[in-house]
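*Asks:* Give me the fold of what follows.
(2 chains)
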Amino acid sequence: MKRLILIMCFLAGPLWAVQPDEVLDDPVLESRARDLSQELRCLVCRNESIDESNAELARDLRLLVRERLVAGDSNDEAIDFIVDRYGEYVLLKPTTTGANWLLWGAGPAMLLLAAGIGLIYLRGRAKTPRAQDDELSSKEQERLRQILDE
Amino acid sequence: MITELGHFALILAFMVAIVQMVVPMIGAQKRWNSWMAVAEPAANAQFFLTAFAFGALVWAFVTSDFSLRLVVLNSHSAKPMLYKISGTWGNHEGSILLWLLIVTLFGAMAAWFGAGLPATLRARVLSVQSAIAVAFFAFILFTSNPFLRLAVPPFDGQDLNPLLQDPGLALHPPFLYLGYVGLSMTFSFAVAALIEGRVDAAWGRWVRPWTLAAWIFLTIGIGLGSWWAYYELGWGGFWFWDPVENASFMPWLLAAALLHSAIVVEKRESLKSWTILLAILAFGFSLIGTFIVRSGLLTSVHAFANDPERGVFILMILAVFTGGALILFAMRAQAMEAKGVFGMVSRESALVVNNILLAVGCFVVFFGTMWPILAEMFFDRKLSVGPPFFNSAFTPFMVALGLVMPIGAMLPWKRGKIGRTAWSLRYAFALSVAIAMLVWAMQTGRSALGPVGLFLGSWMTIGAFLDLWSRTGRGSNRWGRLVRLPRADWGKAVAHSGLGISMFAIAGLTAWQAEDIRVAQMGEPFDVGAFTLTLEKVEQVKGPNYFSTMGTILLEKDGQTVTELFPEKRDYPVARMPTTEAAIDYRIMRDVYVVIGDQQNDGGWTVRTYIKPFANWIWAGCLLMAFGGALSLSDRRFRVAAGARKVPTDGVPAE
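*Replies:* From the prediction side, this is the model:
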């Protein structure tokens, strides 16, 4: 199966990403279509957007996006249209619905947590009086001094 | 015969590794010098045996020995010699052997340069390093043996994946592995220190060169991979947030954090347990990277061995080493009491901020990479996490890092004042704002990305050199003192400015690139940006192991010929795979990137043209980072710390 996917990706006919015949005449619509294509996944490829992919299916999706835009859909409507048919898997930028808030929230939450721990640590360091007892034996100290002096 | 000798050497190395894992560890525990002394010759023997095995495999590839299964699957007699050699590690088994070669090389280097280490620490470091080698020797011998023969050898091989037949890719894996495995050395030091129960300034000093070396190699390896993607994959992208790219990027981020926290251990004897934890995690992420590439768990363009059995084996290695080290850490962490006292505003705190940003950034990348699996396992949702997510979730951390870096790098140790340090950077700030405003006014379109990136890049670069300048003191002869500053100071400035340049280049390229897709008719000029291109001819060319459709395109600007470009479309008949070879006119300020597609019904050819401003600066920045690291590594105190000098036996020489 994996092999098949690879073959489909690379041998899916002599197509190389966006073709001149796909390009829309209206540059505004075309640039919107390109932006959308970068957020949609080629379903038979490994981690490629339809904008980059050479597969036949990616071409179909690119044409579909353009069709929807020409028909007057907004960006969101066009995306919804494709998600309805191909599922959430097609989105390279995950939604924020349901459990996905975990994904989007993980970074900021971790930052807050790390900042909190860091702050507590730094305050601790600022308060602690200098440790008096030295754990190095005299021999070790001599050795360390030699290293540092050199 | 040589193959069998190589196979035998590999098994022998495995045995030596087991001895080296067990004997010195017991010796260090019982203080038996003779047992500890086993480590050094064993490390040497291990390395030379593995090197012989590796050499035997290279030999089999060079001579196209098709009785070897691996050679049949990954080579072809008509392949150019360079790719016969690089084909040795362009596959799963061979790359694991390369990995092992580097593990044993680092072990041997620790034996060669570790003369200054306390005997017990040295024995334990070598023992832990050998334990890692044992795990991978077992892995290669039991699941991925490169030396398997075929009963009936075929006449010729099946060729290497054409995408891998490239000089950039010949060098990319060795550098990356030097980086990954270099972190195993830091890991060994961390575990050995945990077993010893002591982490001090000297430990920080010993561990830093290894981390620095690993980080330099990772930087070069990642840079090479990204450059390869840029010129080879045919649309000029340089980073795709592919799981495997992330797998190499996460250890890089953690190694960068470790590099900085080890400074605090060395200079201030603080952040010890955090540094140890980072050392464990950094190598843990290297193993996770190996796991991702070789298990087929995540779909990626890079994955080459999609074998669940191997995946489970690596997962076990990962669990034993990271899990074991973390348990050890939990048991011993409280023994590592911090000593240094410092204020809330100080270099130490700035380095803590650096570590938080890098580590949380790494966590975001990790979470994003694993989320598709987690979501499917726990929430029954099949979804993708792609570049748009990483661009918006990860970038803020790097922007924050860039903003804080010049100030943090100049804050004094122990206690500082933000206001004073910020004031000393006023010119850097003003100049950066001025440059960004100028470009904002000049650019067409009103995208803020380019100017903001330019501001950030100049702020970091100018700030880095202002920091260097501020170290020359006052009065006359500042230039003379500038030249004589320690190399570590220069390394810091160069590496920091390299990061600034890369960040600017990424923003600039993303903001200002231009693209054109069209059917070009023979001899009819067309304009892209300020350039005029003309497709002059298209011909069929035969290469050593491929057929090529090669276009000739004349590139002109203002009526002057700039150059001729030869974009190709290649077909590798044996591997049955087409590739595009973009033609790129590399210049300092921009690249012109041309790709040829297919002939259309009306006789024209599909041609894509990209103008990529500042593309080279991305990799120039990477090189600067690596060069800065190398400068720092060559600093005098590291050479001393690495034990290059003999310890004076009696008395201290007069100074």
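*Asks:* quick one: residue B:425 from residue B:152, how far?
*Replies:* 71 Å (CB to CB, to the nearest Å). For glycine as for every other residue, the C-beta is placed from the backbone atoms N, C-alpha and C.
*Asks:* Would you mind telling me which of these two has the busier surroundings?
*Replies:* A count of neighbours by other CB atoms under 10 Å in any protein chain shown puts residue B:425 above the other of residue B:425 and residue B:152, at 20 against 5.
*Asks:* Extract the residue ranges of chain B that are flagged as low pLDDT.
*Replies:* B:295-308, B:445-446, B:637-655 (pLDDT under 70).
*Asks:* Excluding chain neighbours, what is closest to the one residue in it that gets nearest to chain A?
*Replies:* Residue of chain B nearest chain A, by CB to the nearest CB: residue B:386 (2.8 Å). Nearest residue to residue B:386, sequence neighbours excluded (CB to CB, 6 or more residues apart in numbering or on different chains): residue A:92, at 2.8 Å.
*Asks:* All the helices of chain A, in order from the start?
*Replies:* A:2-11, A:27-37, A:56-70, A:75-86, A:100-127, A:138-149 (DSSP state H).
*Asks:* Any idea which of those gets closest to chain B?
*Replies:* Chain B lies closest, by CB to the nearest CB, to one member of the helices of chain A: helix A:100-127, at 4.0 Å.
*Asks:* Can you verify residue B:563 is assigned to a strand?
*Replies:* Yes. Judged by DSSP: H, G, I helix; E, B strand; the rest coil, residue B:563 forms part of a strand.
*Asks:* Where does residue B:172 fall, secondary structure wise?
*Replies:* Using DSSP states H and E, residue B:172 maps to helix B:167-196.
*Asks:* which residues touch the residue nearest to residue B:386?
*Replies:* By CB atoms under 8 Å, 6 or more residues apart in numbering or on different chains, residue A:92 lies in contact with A:38, A:39, A:40, A:41, A:49, B:384, B:385, B:386, B:387, B:388, B:389.
*Asks:* mind running it again at 7 Å?
*Replies:* Neighbouring residues of residue A:92 by CB atoms under 7 Å, 6 or more residues apart in numbering or on different chains: A:39, A:40, A:41, A:49, B:384, B:386, B:387, B:388.
*Asks:* And for residue B:193?
*Replies:* B:199, B:203, B:276.
*Asks:* wait, doesn't the last one sit right on residue B:190?
*Replies:* Just to be clear, that refers to residue B:276. Yes. With contacts counted by CB atoms under 7 Å, residue B:276 reaches residue B:190, the gap being 4.8 Å.
*Asks:* how about the residues of the stretch 401-550 of chain B near chain A?
*Replies:* Residues of the stretch 401-550 of chain B found near chain A (CB under 7 Å from any CB of the partner chain) are B:517, B:518, B:519.
*Asks:* Name the helix or strand for the residue nearest to residue A:144 when sequence neighbours are not counted, please.
*Replies:* Distance criterion CB to CB, 6+ apart; nearest residue to residue A:144, sequence neighbours excluded, is residue B:202 at 5.8 Å. According to DSSP H and E, residue B:202 maps onto helix B:201-232.
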